[in-house]
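Enquirer: how would this look folded up:
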Amino acid sequence: MDWNEQFPADKPPAMEDIARQMGNAEPLWHSLLDYFETAYGTAPKLAYSCCTMKPGWNVKFQKSGQSFGTFYPNRDFFEASFVLSYKFDNAMDLTLPLLSEATSAQWRIAEDYCKLGKTMMLRIDNAQTLEDYKKIIAVKLAPKYS
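Expert: Now for the predicted structure:
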């Protein structure tokens with residue numbers, strides 16, 4: 001059964017349900033939750049989307065008006081969808097060599113989002129990709145502790 005069928009709009013999942021949905025990626029998810037709490041002092045917010053390509057419940061993180069993205073649970077991975085403003089292009093040029101080749105390549109072909117910045121959907125199913133995500137987001141808002 002698909003995620004959005006398990007938890008329709010009137011039946012929000014518990015955070016434990018979200019973590020369980022991720023199967024083998026559950027430890028990565030918990031690591032991300034801990035990172036956001038420690039590095040940014042922010043907690044997850046549950047949201048329901050019915051008008052996107054990924055309908056159903058998802059998780060969002062924000063700090064100081066900055067969005068860190070929307071996270072979609074999947075079996076054995078989760079996806080991080082985010083936009084990074086073009087004003088961070090120079091900082092991203094410096095960050096790209098620090099990322100895995102796969103993430104760097106994906107960033108280079110990331111699409112424009114309403115002339116505001118690049119949008120990316122990053123599949124997180126291993127520790128390296130999770131670290132890549134953290135480095136990209138740190139360009140947008142430096143963590144208070146990492």
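Enquirer: show me what the top helix by length along the chain is packed up against.
Expert: If each helix of the chain is counted by residues according to DSSP state H, the longest one is helix 127-140. Counting contacts by 3 or more C-beta pairs under 8 Å, 6 or more residues apart in numbering; DSSP states H and E, helix 127-140 packs against helix 26-35, strand 66-74, strand 77-85, helix 89-95, helix 101-108, strand 117-124. All C-beta atoms are positioned from the backbone trio N, CA, C, and that covers glycine.
Enquirer: what helices and strands are in contact with the third one?
Expert: The reference is to strand 77-85. Packed against strand 77-85 by the contact rule (3+ C-beta pairs under 8 Å, 6+ apart) you find strand 66-74, strand 117-124, helix 127-140.
Enquirer: in JSON lines: these, plus mean pLDDT, mean neighbour count and distance to Val83.
Expert: Conversion of those to JSON lines gives the following (pLDDT from 0 to 100; neighbours: other C-beta atoms under 10 Å; distance: least, C-beta to C-beta, whole Å):
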{"stretch": "strand 66-74", "mean pLDDT": "93", "mean neighbour count": "20", "distance to Val83": "8"}
{"stretch": "strand 117-124", "mean pLDDT": "96", "mean neighbour count": "19", "distance to Val83": "5"}
{"stretch": "helix 127-140", "mean pLDDT": "97", "mean neighbour count": "19", "distance to Val83": "9"}
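Enquirer: can you lay out those as JSON lines showing distance to Gly23?
Expert: Written out in JSON lines, the entries for the helices and strands packed on strand 77-85 read as follows (distance: least, C-beta to C-beta, whole Å):
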{"stretch": "strand 66-74", "distance to Gly23": "9"}
{"stretch": "strand 117-124", "distance to Gly23": "13"}
{"stretch": "helix 127-140", "distance to Gly23": "15"}
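Enquirer: the longest helix of the chain to strand 77-85, inter-axis angle?
Expert: In this structure, helix 127-140 runs at an angle of 20 degrees to strand 77-85, with axes from the mean of the first three to the mean of the last three C-alpha atoms, to 10 degrees as the basis.
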